[in-house]
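Peer 1: quick one: sequence and predicted model below, then my questions.
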Amino acid sequence: MENKNSAKILLQLSNIKKTYKKSEEDEHLVLDGVNLTISEGEIVALLGRSGSGKSTLLRIISGLAKQTSGEAIYCDEPVNGPVNGIAMVFQTFALFPWLTVLENVELGLEAKKVPEDERRRRALAAIDLIGLDGFESAYPKELSGGMRQRVGFARALVVEPTLLLMDEAFSALDVLTAETLRTDLIDLWQEKRIPTKGILLVSHNIEEAVLLADRITILGSNPGKIIAEMSISLPQPRDREAAAFRQIVDEVYAIMTKRPRGTKMEAVPLSYRLPYAHVTQLAGLLEALEAEPYSGKADLPELADQMGFGVDQLFPLLEALDILGFTYTEKGDAELTAAGKEFVNSDILKRKIIFADHLKKHVSLADHIKRVLDERPGNKAKEDRFLTELEDYFSEEEAEKVLQVAIEWGRYAELFAYDESAGILSLENPESVENDE
């Protein structure tokens, strides 16, 4: 199979759809109509917010999960289970602590029943290639995080994969270690010192994607579907400070924060998947936006760099603040609204009142909980009552997460109280906020 540039297509996904059963009658749609190709000689980065199905897509490609419909073709053969020629590097190091570095690297070859002498030779070569020569007999506990991830790379490369999958492989590392590993990977790739013909990199770090990839594919959320693709023709090695590099980063941020037409609403409905954002983080981000050098409006790449945030950290906070009416995010910029500025410049008690007003106005779930408690005798209700409603829209796990977000926001606003051990919501002090008004 060849593409229009005559490079062999390693992987082709056609109209991939993935659903999970919530009940006998209901399904949760995770991926919807995903089409993707990866050709020889290219690194493709897959970006998307939490809940976009990035990891699910990787599992389908690797044969660890089965799509509900659509077709996954690897080297002209359908993917119907774990595939020879595809290997994965995980976010967590996933090493067996009771095995040495050499033994951990040999595992994949052992599973393939490679003879012992060849297994040892190939494992030692992979360890040397990845820069761990001399640590063959060390155990994982003796290694730094960066060295453990190098073992993960060696274990993936020793099976000589044609396609290498990387599931946020640098995200658990400190900044300097991650940068070193990225540079080493690009050097190995450019010098063709690894047998891999293509790489699919899942990342939550936009700069990382622009730094490494020849092409970026962006997944939208709920359900996951491709909303944009960008080719990157910058030569390697790439300079983060170059104007062309910064322009591409800005373009990706703009795409990922673009507001679909008709989505702005006064209040998000019960069916809306609330972002997982803690109130303390929301307050901290508002304060950062108000302070110098931003003074109320920030360029997102600059803000993410200053705060050390990736997509999965920054975007849920901005989404929550946008929902609550404290910020307005568009075209790669975040700007404080008048309400956001008032919140930042208020004392603790006034902040709670402002937050409560906006929570009731803009988040239907929080307002719904408050109204139910107002109407109930004793002003109490089990959380299961609300989970049952949310499971009309979400999986059981997602429903629990959404409810916990609403509960945390509601408790901060003093709209209601929550007894976790009993699973009961109540109006423990129902007039506290209203009386302050």
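Peer 2: Nice, I can see it.
Peer 1: tell me what the nearest residue to Ser231 once chain neighbours are set aside is bridged to.
Peer 2: In this structure, Ser231 finds its nearest non-sequential neighbour in Arg215, 5.2 Å apart by CB to CB, 6 or more residues apart in numbering. The C-beta positions use only the backbone N, C-alpha and C, and glycine is treated the same way. Arg215 forms beta bridges with Val44, Ser231, as assigned by DSSP bridges.
Peer 1: can you check the pLDDT for the most centrally placed residue in the chain?
Peer 2: The residue lying closest to the centre of the chain (CA atoms, centre = their mean) is Ser50, at 4.1 Å. pLDDT recorded at Ser50 is 72.
Peer 1: looks to me like it is in a helix.
Peer 2: No. Ser50 is assigned coil when assessed by DSSP: H, G, I helix; E, B strand; the rest coil, not a helix.
Peer 1: from Leu425, how far off is it?
Peer 2: 25 Å (CB to CB, to the nearest Å).
Peer 1: then Asn84?
Peer 2: Distance from Asn84 to Leu425, by CB to CB: 52 Å.
Peer 1: now Phe315. Nearest residue, chain neighbours left out?
Peer 2: Arg49 (5.1 Å).
Peer 1: contacts only, for Val30.
Peer 2: Lys18, Thr19, Tyr20, Gly53, Thr56, Pro223, Gly224 (CB atoms under 8 Å, 6 or more residues apart in numbering).
Peer 1: now the helices for the stretch 251-400 of the chain?
Peer 2: 279-290, 300-307, 311-324, 338-344, 348-362, 364-375, 383-390, 396-412 (DSSP state H, counting those that start in this stretch).
Peer 1: among those helices, which is nearest Leu13?
Peer 2: Minimum separation from Leu13 across the helices of the stretch 251-400 of the chain (CB to CB) falls at helix 311-324, 21.7 Å.
Peer 1: what is the rounded mean pLDDT of that closest one?
Peer 2: 86.
Peer 1: by contact count, what packs against that helix?
Peer 2: helix 279-290, helix 300-307, strand 327-330, helix 348-362 (3 or more CB pairs under 8 Å, 6 or more residues apart in numbering; DSSP states H and E).
Peer 1: let's have those in a markdown table, adding mean neighbour count, mean pLDDT and distance to Arg193.
Peer 2: As requested, those are arranged in a markdown table below (neighbours: other CB atoms under 10 Å; pLDDT from 0 to 100; distance: least, CB to CB, whole Å):
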| stretch | mean neighbour count | mean pLDDT | distance to Arg193 |
| --- | --- | --- | --- |
| helix 279-290 | 18 | 90 | 42 |
| helix 300-307 | 18 | 80 | 31 |
| strand 327-330 | 19 | 86 | 42 |
| helix 348-362 | 18 | 93 | 54 |
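Peer 1: returning to that earlier point: who's more crowded, Asn84 and Leu425?
Peer 2: Leu425 (28 against 14; other CB atoms under 10 Å).
Peer 1: now that one: which helix or strand?
Peer 2: According to DSSP states H and E, Leu425 maps onto strand 424-426.
Peer 1: what does that strand contact?
Peer 2: Here strand 424-426 has contacts from 369, 373, 378-383, 386, 407, 416-419, using CB under 8 Å, 6+ apart.
Peer 1: one step back: so which of the helices of the stretch 251-400 of the chain is nearest Asp239?
Peer 2: That would be helix 300-307 among the helices of the stretch 251-400 of the chain, by CB to CB, at 14.8 Å.
Peer 1: with just CA atoms, put that closest one into PDB.
Peer 2: Provided in PDB are the C-alpha atoms of helix 300-307 (Å, rounded to 0.1, in the frame of the first residue of the first chain):
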ATOM      1  CA  LEU A 300      -1.600  30.400  26.100                       C
ATOM      2  CA  PRO A 301       1.800  29.000  25.000                       C
ATOM      3  CA  GLU A 302       3.500  31.600  27.200                       C
ATOM      4  CA  LEU A 303       1.200  30.900  30.100                       C
ATOM      5  CA  ALA A 304       1.700  27.100  29.800                       C
ATOM      6  CA  ASP A 305       5.400  27.600  29.700                       C
ATOM      7  CA  GLN A 306       5.500  29.800  32.800                       C
ATOM      8  CA  MET A 307       3.300  27.500  34.800                       C
END
